[in-house]
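Novice: One predicted model, sequence on top.
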Amino acid sequence: MRLFNALLLSGTLLASAAQAGTPIGYPLPLHIGGRVAPVGADPAQGYIHQWPGTYFEGRFKGKEISLRLNDKTNILNVYVDGQKVQTVNRPGEGDIVLGPFADTEHTIRIEKLTESASSSAQFTGLFVADADDVRPAPEPSPRRIEFIGDSYTVGYGNTSSTRTCPGDQVWATTNTQAAFGPVTAKHFKADYRVNAISGRGIVRNYNGGEGLPLPQAYPNALNLTGPGLTVTASPVSDDWNPQVIVIGLGANDFTTPLHGGEVWTTRDELHSDYEQTYVAFVQSLRGKYPGAYFILMATDQANGEILSEVKKVLATLRASGESRIDFLPMNGLSFGGCDWHPTTADDTQVANSLIGFLEARPEIWDNQ
């Protein structure tokens, strides 16, 4: 029995079936990039996500496929066989029927572009009308790379043509998939995770703002903002084991002056806390991923304070016996995006630096 209306093949949102909870077909097995939390034991219930850069991949045979979402937060790009077929903008709850395609086998990929650290969204799944059209999920890549950072890693406002971004323009012009992390990963055909939140630092958020600093938010699959949030989804255990971990944190710790009422009364106290916490964070990641190669990155902003502090962290880690670690600068950027953030051209420049570094050390990918 056909469960999809053949007249609705242009990406139209069909709310009735999803809202009523009625079956809409057979779910595809998924390959998922990024950190998500399952809604329930049944894969057809889908996944909740907050971290940026998340993507979902499946394979099917046939002329059409249904994308089921409950997402009032994000912009998503849909690719079939490597070609973009749809951009979905805050779709809400319902089904989007895609097609018609040639009656052959296809690969479909859904990429999240926007940042939603304070709002969760549900990717319910990809469904076909006939069980015979279900194909196994795409194989994971043998190469895996993780990016940990702040708004620069998120790609905050990176597609904007102006530094002034009123209203929701920052949200609308943020494209994590065009940021340096995914650009680097796609060059190597690697799977990737982007664990980044705008405005967060190692110990201090931008201008002393509230919220969980990145090392504190990092263990959570959901509830990334804080403070005082009850974590309703514990860290999701999986087999993620990156060969490369790129960390870019420090801009929010140091680009604004200290204010009265903060826990640090002097810059020296902030430096000491930053260095100790950063070292401990890397060491905790080393315990989790013993074979990973760490790349620490920093811009030349704040009169070199960020770069200087990251290099101190690097020196401390090396002195403690850490050998699989290095530093790459993020210098000479235009910062022409929203609120003086990197542009996609800047992202390409940073990605090229990372790509050159990794191509010169192909053995890094051999470590598991």
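Specialist: Done, it's in. Numbers count the residues shown, from 1 in each chain.
Novice: just for the protein, where's the confidence low?
Specialist: 1-24, 224-237, 368 (pLDDT under 70).
Novice: Which parts of it are helices?
Specialist: Remark: helices assigned in the chain by DSSP state H are 15-20, 151-154, 169-173, 180-187, 214-217, 251-254, 267-288, 305-319, 344-359.
Novice: which other residues reach the fifth one?
Specialist: It stands for helix 214-217. 148-150, 195-197, 200-202, 211, 224-226, 249, 277, 280-281 (C-beta atoms under 8 Å, 6 or more residues apart in numbering). C-beta: built from backbone N, CA, C; applies to glycine.
Novice: Just the buried ones from those?
Specialist: Taking 16 or more other C-beta atoms under 10 Å as the criterion, what is buried in these is 148-150, 195-197, 200-202, 211, 224-226, 249, 277, 281.
Novice: quick one, which of the helices of the chain is packed in tightest?
Specialist: Among these, the stretch with the highest mean neighbour count (mean count of other C-beta atoms under 10 Å) is helix 151-154, at a mean of 28.
Novice: mind checking how far it is from the chain centre?
Specialist: Between the centre of helix 151-154 and the centre of its chain there are 9 Å (C-alpha atoms, centre = their mean, to the nearest Å).
Novice: Could you name the helices and strands sitting against that helix?
Specialist: strand 191-196 (3 or more C-beta pairs under 8 Å, 6 or more residues apart in numbering; DSSP states H and E).
Novice: who touches the strand it packs on?
Specialist: Counting by C-beta under 8 Å, 6+ apart, 33-35, 51-54, 140-141, 143-151, 153-154, 176, 179, 181-182, 185, 214, 218, 240, 242 sit against strand 191-196.
Novice: closest to residue 328 out of the helices of the chain?
Specialist: helix 344-359 (5.7 Å; C-beta to C-beta).
Novice: what's the angle from that closest one to helix 180-187?
Specialist: Counting by axes from the mean of the first three to the mean of the last three C-alpha atoms, to 10 degrees, helix 344-359 lies at 50 degrees to helix 180-187.
Novice: Please renumber the chain so that the first residue is 5 from this point on.
Specialist: All right, first residue 5 from here; so that's helix 348-363.
Novice: what does helix 348-363 contact?
Specialist: 159, 162-163, 179, 182-185, 187-188, 191-192, 248, 250, 299, 301, 330, 332-334, 336-341, 346, 368-369.
Novice: what's the answer for stretch 130-146, then?
Specialist: 5-8, 28-35, 48, 60-66, 68-72, 99, 109, 111-112, 114, 193-195, 369.
Novice: Give the buried residues for it.
Specialist: Quick answer for stretch 130-146 (16+ other C-beta under 10 Å): 130, 131, 132, 133, 137, 138, 139, 141.
Novice: so what's the second one bridging to?
Specialist: So that's residue 131. residue 31, residue 70 (DSSP bridges).
Novice: For residue 78, see how far away it is.
Specialist: 20 Å (C-beta to C-beta, to the nearest Å).
Novice: again, but for the last one
Specialist: Between residue 141 and residue 78 the computed distance is 22 Å (C-beta to C-beta).
Novice: and the two most separated of the buried residues of stretch 130-146?
Specialist: Farthest pair in the buried residues of stretch 130-146, by C-beta to C-beta: 133 and 141, 18.8 Å.
Novice: For PyMOL, write the selection for the buried entries among the contacts of helix 348-363.
Specialist: The PyMOL selection below is limited to those of those classed as buried (16+ other C-beta under 10 Å):
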select buried, resi 159+162+163+179+182+183+184+185+187+188+192+248+250+299+301+332+334+337+340+341+346+368+369
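Novice: and the nearest residue to residue 62 once chain neighbours are set aside, how many residues sit next to it?
Specialist: Among residues not flanking residue 62 along the chain, residue 32 sits closest, at 3.6 Å (C-beta to C-beta, 6 or more residues apart in numbering). Neighbour count for residue 32, taken as other C-beta atoms under 10 Å: 23.
Novice: Correct me if wrong: residue 32 contacts residue 64.
Specialist: Yes: with contact defined as C-beta atoms under 8 Å, residue 32 reaches residue 64; the gap is 5.8 Å.
Novice: Are there residues contacting both of these two? Which ones?
Specialist: Residues touching both residue 32 and residue 64 (C-beta under 8 Å, 6+ apart): 112, 130, 132, 138, 139.
Novice: And the furthest pair within the residues you listed?
Specialist: 112 and 138 (12.2 Å).
Novice: measure the nearest residue to residue 334 once chain neighbours are set aside to residue 335 for me?
Specialist: Nearest residue to residue 334 in three dimensions, chain neighbours excluded: residue 303, at 4.6 Å (C-beta to C-beta, 6+ apart). According to C-beta to C-beta, residue 303 and residue 335 sit 7 Å apart.
Novice: Look at the two and report which has more neighbours.
Specialist: Remark: of residue 303 and residue 335, residue 303 carries more neighbours, 23 against 13, as counted by other C-beta under 10 Å.
Novice: Now go through the contacts of strand 195-200 and say which are in strands.
Specialist: The strands, defined by DSSP state E, take in 37, 148, 149, 150, 151, 152, 153 from those.
Novice: Most neighbours of all those, which one?
Specialist: Of the ones in strands among the contacts of strand 195-200, with other C-beta under 10 Å as the count, residue 151 tops at 29 neighbours.
Novice: Now do the contacts for it.
Specialist: With C-beta under 8 Å, 6+ apart, residue 151 has these contacts: 57, 157, 184, 185, 196, 197, 198, 199, 200, 249, 250, 252.
Novice: what's stretch 300-308 in contact with?
Specialist: 153, 156, 250-252, 254-255, 258-259, 310-311, 313-315, 317-318, 329-337, 354.
Novice: Figure out the length between the terminal residues of that stretch.
Specialist: Start-to-end span of stretch 300-308 (C-alpha to C-alpha, to the nearest Å) is 15 Å.
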